[in-house]
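# Using only what follows, build the 3D model:
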Amino acid sequence: MELNDANLQTLTEFLQKTLDPDPSVRRPAEKFLESVEGNQNYPILLLTLLEKSQDNVIRVCAAVTFKNYIKRNWRIVEDEPNKISEPDRTAIKANIVNLMLSSPEQIQKQLSDAISIIGREDFPQKWPDLLREMVNRFQSGDFHIINGVLRTAHSLFKRYRHEFKSNELWIEIKLVLDTFAKPLTELFKATIELCQTHSTDVNALKVLFSSLTLISKLFYSLNFQDLPEFFEDNMDTWMANFHSLLNLDNKLLQTDLVSNAIQFLASVCERPHYKHLFEDQNTLTSICEKVIVPNMEFRSADEEAFEDNSEEYIRRDLEGSDIDTRRRAACDLVRGLCKFFEGPVTGIFSGYVNSMLGEYAKNPGVNWKHKDAAIYLVTSLASKAQTQKHGITQANELVNLTEFFVNHILTDLKSPNVNEFPVLKADAIKYVMIFRSQLPKEQLLQAVPLLVAHLQTESTVQHTYAAHALERLFTMRGPNNSTLISPTEIAPFTEQLLNNLFKALALPGSSENEYIMKAIMRSFSLLQEAIVPYIPTLIGQLTHKLLLVSKNPSKPHFNHYLFESLCLSIRITCKANSATVGSFEEALFPVFTEILQNDVQEFVPYVFQVMSLLLEIHSDTIPPSYMALFPHLLQPVLWERTGNIPPLVRLLQAYLQKGGSTIATSAADKIPGLLGVFQKLIASKANDHQGFYLLNSIIEHMPPESITQYRKQIFILLFQRLQSSKTTKFIKSFLVFINLYCVKYGAIALQEIFDNIQPKMFGMVLEKIVIPDVQKISGQVEKKICAVGITKILTECPAMMDTEYTKLWSPLLQALIGLFELPEDDSIPDDEHFIDIEDTPGYQTAFSQLAFAGKKEHDPIGDAVSNPKILLAQSLHKLSTACPGRVPSMLSTSLNAEALQFLQGYLQAASVQLV
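Okay, the predicted model is just below:
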């Protein structure tokens, strides 16, 4: 793509169309941009557009498109083509910092994110000038530019807070400190001085304090792994200024800085080294009264968010992204102080809690915020350890949680007017949710119908919390690992629960509420067959919802739980009566067809998973509606997207399992396409295991004669990959495949196909791969396949007994006994660059496994062999009968004593002897 006005104009027109609400206009534009993004100069055209376009909407759209392009394509993945040309990479890095700093804030944030993504891959080795270029801008005096630099630096350095210690990390942090620590300290001092100069100018202060907030975050990141020498030498400068910020009382200013300062106090008070600073009772009382209590208050900004921006409020409160709020900081400080001073702190706050509740009781209508603060304080005091799965797992024994629940929480939950005091109701629901592991079961059961009633409240926060609380209660485990709350205990409320959950999706602001959809999924999972009578109605509602959201998928979690709920409906109903699978197909296929025709990328992997689940329920035939789709599943374009690969492989496996012979007779011309898919997958280190899944299903389920002509080529492709790139993962999959081939076609067929490719190759494979590496096999089914395959090679392959391969017989038997008796060898060679299976390149629609579409583990050998050790003993007995004297002599001369002893055990267990 040339850098010219015509291309800029074309790009502008297509970007404009991507904003169109009509999918028939928007989708083709998105497809066009996707088709040209591999061209050289495409990213440079986007950057030119966001710099020079007169239309601000187009500039922002170009910035977002550029950031997502970088997210998808910047990372260079082994075995994948480099998606951005080197000249484009160089030009982007040369211009992006300048462009980011000279752009308006909306665009600056997008470009700052893009720099962070590039920095994660290229900084410092491939982008050594980045820091120097950024630091030089501190001299500009323009805080719009300075904040751009600080924001970008924060996104680059915040990972230091959670990276594992390593030499590479130390080297990088040292390089950053050498360039960045001094200028950051100078900027900190200068900004503090400017705050004093402009103490009466609210607009100037807002900008300066946003800089101080970012500087504090950077200070935290750079000191997280260890205290660097530079900051130790300059600690007076930093601490004196932090102290002055903590004491700052400028009424013009309500900023995040207070929370950063409190957060800093919280981290200091938890460290034994500084314990002495807080030991004095007066200090503790002063911190509790002057820092914690005032910052626990429900502010007007919180109230506004609760009412008008519920999504953001929920995200901050439930998901812990409220790290920068005063309340969260004060809460963390309480927990920090309780680490060493639990008794005194609890004593100080008990008085405050009682007085706040007293104020509320005098006039609830006016003083409800006092009760809110009291609940928040009790929660902070009581919580010592918390997990997402269990809520509070360790509580302060000085706080009586059950008594507080009965006296102050239950009253709000039982209030007949569910819409009155929504903040307090939300607090009460949250209390049940976070202390669920601490409250007795009878109180949780008492809360369930009350929570079900709260699903119908007007407040989005309130009904969302009710859904989330129910979902969390339904996941709790009791004795014997069964759910704590049983379907029988929910039976009286089942109908109301399902009705209210589905009605809640119709409430304003909750049409795609992920917490409600997750609660629907969890209710289905808990209730199991109790939902069957309701499914005919509910499946219609779920399908209608799917049709609506497929027009413009925007809530990934909601969509995921929606598909999980569909899978549960199918599983539970078809378990009771497999004939109902047809009615599900009738309801779902029209929507699935639309999703596939419109290529709704986010949903295609889900559709393939649900189709696999449906097809696997059918008896051993493939319905015509599925056969019509089969040729389309082999189209190369579908396999270009990494997110499609696992569900497509599973779907093709279902086709092969249910109708290998149907494919062989009515779609024989598609077999080369099927093997083409295998060839593509096997070439990739990331996806080779998926290629083997497909190949194993072809070997297991296709009639032998249908693939005879292709067998040799399959083995040649595998050997080519072994030569070019031999990884542990590939070797393990290869071993399972050749042994499955042996089980299916016999040991002689395996030996012949190897030796037909190249004389003596069978021996080379045994010597170089099978014997040294079979110990690496993991998984019960995989081990069983290898054991049965090797047994056949040892006992049903004449070449192993009377050719030069005979020398490999004992080492192979020794390796098999090792597979049975020795621990798995999970070592990986030092020089192997092993790509994690989940390592998807850049930002693509990743594959999200549906838990409730899960596939049962399939054993291709099944009941034919229940105990491979017994099979080995019986097979050796049979072999020794055919050639008396030979087997015992081979064993006695070359098998080690320990292996021989194990073998004797197998022979005794099978009640056979060698002759």
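
# Quick one: name whatever helix or strand follows the longest helix seen in the chain.
Criterion DSSP state H: the longest helix present in the chain is helix 326-362. Sequence-wise, the next helix or strand downstream of helix 326-362 (DSSP states H and E) is helix 364-382.

# just checking, what packs against that following helix?
helix 293-296, helix 326-362, helix 422-434 (3 or more C-beta pairs under 8 Å, 6 or more residues apart in numbering; DSSP states H and E). C-betas here are computed from N, CA, C, even on glycine.

# for those, which one sits closest to residue 286?
Closest of those to residue 286 is helix 326-362, at 10.2 Å (criterion: C-beta to C-beta).

# Which strands or helices does that closest one pack on?
So helix 326-362, by 3+ C-beta pairs under 8 Å, 6+ apart, packs with helix 257-269, helix 281-287, helix 293-296, helix 364-382, strand 383-387.

# and it, which residues are buried?
Neighbour-count burial for helix 326-362, counted by 16 or more other C-beta atoms under 10 Å, picks out 326-338, 340-342, 344-346, 348-349, 352-353, 356-357, 359-360.

# and what of stretch 433-448?
433-439, 443-444, 446-448.

# Send me that stretch as PDB with only the CA atoms.
Provided in PDB are the C-alpha atoms of stretch 433-448 (Å, rounded to 0.1, in the frame of the first residue of the first chain):
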ATOM      1  CA  MET A 433     -21.200 -13.100  49.800                       C
ATOM      2  CA  ILE A 434     -17.800 -12.300  51.300                       C
ATOM      3  CA  PHE A 435     -18.400 -14.000  54.700                       C
ATOM      4  CA  ARG A 436     -20.100 -17.100  53.100                       C
ATOM      5  CA  SER A 437     -17.400 -19.400  54.400                       C
ATOM      6  CA  GLN A 438     -17.600 -18.000  57.900                       C
ATOM      7  CA  LEU A 439     -21.400 -18.000  58.400                       C
ATOM      8  CA  PRO A 440     -23.300 -21.100  59.400                       C
ATOM      9  CA  LYS A 441     -25.200 -23.000  56.700                       C
ATOM     10  CA  GLU A 442     -28.600 -22.400  58.200                       C
ATOM     11  CA  GLN A 443     -28.000 -18.600  57.900                       C
ATOM     12  CA  LEU A 444     -27.000 -19.000  54.200                       C
ATOM     13  CA  LEU A 445     -30.100 -21.000  53.500                       C
ATOM     14  CA  GLN A 446     -32.200 -18.300  55.200                       C
ATOM     15  CA  ALA A 447     -30.500 -15.800  52.900                       C
ATOM     16  CA  VAL A 448     -31.200 -17.700  49.600                       C
END
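
# For that stretch, the averaged confidence score.
Averaged over stretch 433-448, pLDDT sits at 94.

# Poorly predicted segments of the stretch 101-250 of the chain, please.
249-250 (pLDDT under 70).

# residue ranges of the helices in it, please?
105-122, 130-136, 143-157, 167-197, 202-222, 229-233, 235-246 (DSSP state H, counting those that start in this stretch).

# what angle do the longest one and helix 143-157 make?
Here helix 167-197 runs at 150 degrees with respect to helix 143-157, directions being taken by axes from the mean of the first three to the mean of the last three C-alpha atoms, to 10 degrees.

# what helices or strands is helix 167-197 leaning on?
Against helix 167-197 (3+ C-beta pairs under 8 Å, 6+ apart) you get helix 130-136, helix 143-157, helix 202-222, helix 229-233, helix 235-246.

# what distance separates the longest helix of the chain from the middle of the whole chain?
Centre-to-centre, helix 326-362 and its host chain are 36 Å apart (C-alpha atoms, centre = their mean, to the nearest Å).

# what does whichever strand or helix holds residue 90 rub up against?
For residue 90, the element it lies in under DSSP H and E is helix 86-101. For helix 86-101, contacts defined as C-beta atoms under 8 Å, 6 or more residues apart in numbering pick out 40-44, 47, 50-51, 70, 84, 107-108, 111-112, 114-115, 118, 122, 127, 130, 133-134, 137, 145, 148-149, 152.

# If we use 7 Å, what do you get?
40-41, 43-44, 47, 51, 108, 111-112, 114-115, 118, 127, 133-134, 137, 145, 148-149 (C-beta atoms under 7 Å, 6 or more residues apart in numbering).

# now do stretch 450-457
So stretch 450-457 is contacted by 413-414, 418-419, 422, 425, 429, 462-463, 466-467, 469-470, 493, 496-497, 500-501, 503-504 (C-beta under 7 Å, 6+ apart).

# And stretch 517-535, by the same measure?
467, 470-471, 474-475, 483, 487, 490-491, 494, 497-498, 501, 558, 561-562, 564-565, 568-569, 572-573, 576.

# Show the average pLDDT along that stretch.
Computed over stretch 517-535, the average pLDDT equals 96.

# Mind listing what's buried along that stretch?
517-527, 530-532, 534-535.

# Run the chain-centre distance for that stretch.
24 Å.

# Pull up the distance across it, start to finish.
Stretch 517-535 has an end-to-end distance of 15 Å (criterion: C-alpha to C-alpha, to the nearest Å).

# which helices and strands does the host helix or strand of residue 582 pack with?
Assessed by DSSP H and E, residue 582 sits inside helix 581-597. Other elements packing on helix 581-597 under the criterion 3 or more C-beta pairs under 7 Å, 6 or more residues apart in numbering; DSSP states H and E are helix 535-550, helix 604-617.

# most neighbours per residue, which of the helices and strands packed on helix 167-197?
Neighbour counts (mean count of other C-beta atoms under 10 Å) averaged over each of these peak at helix 143-157, with a mean of 21.

# Can I get that one in PDB? Just the C-alpha atoms.
Output in PDB follows, covering the C-alpha atoms of helix 143-157 (Å, rounded to 0.1, in the frame of the first residue of the first chain):
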ATOM      1  CA  PHE A 143       2.400  18.600  31.800                       C
ATOM      2  CA  HIS A 144       0.300  17.200  29.000                       C
ATOM      3  CA  ILE A 145       3.500  15.800  27.500                       C
ATOM      4  CA  ILE A 146       5.000  14.800  30.900                       C
ATOM      5  CA  ASN A 147       1.800  12.900  31.900                       C
ATOM      6  CA  GLY A 148       1.900  11.100  28.600                       C
ATOM      7  CA  VAL A 149       5.500  10.000  29.400                       C
ATOM      8  CA  LEU A 150       4.500   9.000  33.000                       C
ATOM      9  CA  ARG A 151       1.500   7.100  31.900                       C
ATOM     10  CA  THR A 152       3.500   5.100  29.400                       C
ATOM     11  CA  ALA A 153       6.300   4.500  31.900                       C
ATOM     12  CA  HIS A 154       3.700   3.200  34.400                       C
ATOM     13  CA  SER A 155       2.300   0.700  31.900                       C
ATOM     14  CA  LEU A 156       5.800  -0.500  31.100                       C
ATOM     15  CA  PHE A 157       7.100  -0.800  34.700                       C
END
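
# the inter-axis angle of it versus helix 202-222?
Using the same axes, to 10 degrees: helix 143-157 against helix 202-222 is 20 degrees.

# if we can go back for a sec, next, format the helices and strands packed on helix 326-362 as JSON lines and append mean neighbour count.
Formatted as JSON lines, the helices and strands packed on helix 326-362 follow (neighbours: other C-beta atoms under 10 Å):
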{"stretch": "helix 257-269", "mean neighbour count": "21"}
{"stretch": "helix 281-287", "mean neighbour count": "13"}
{"stretch": "helix 293-296", "mean neighbour count": "18"}
{"stretch": "helix 364-382", "mean neighbour count": "20"}
{"stretch": "strand 383-387", "mean neighbour count": "15"}
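
# Tell me how far residue 574 lies from residue 681.
30 Å (C-beta to C-beta, to the nearest Å).

# more crowded one of the two?
residue 681 (22 against 19; other C-beta atoms under 10 Å).

# If anything else comes up later, I'll come back, but that's it for now.
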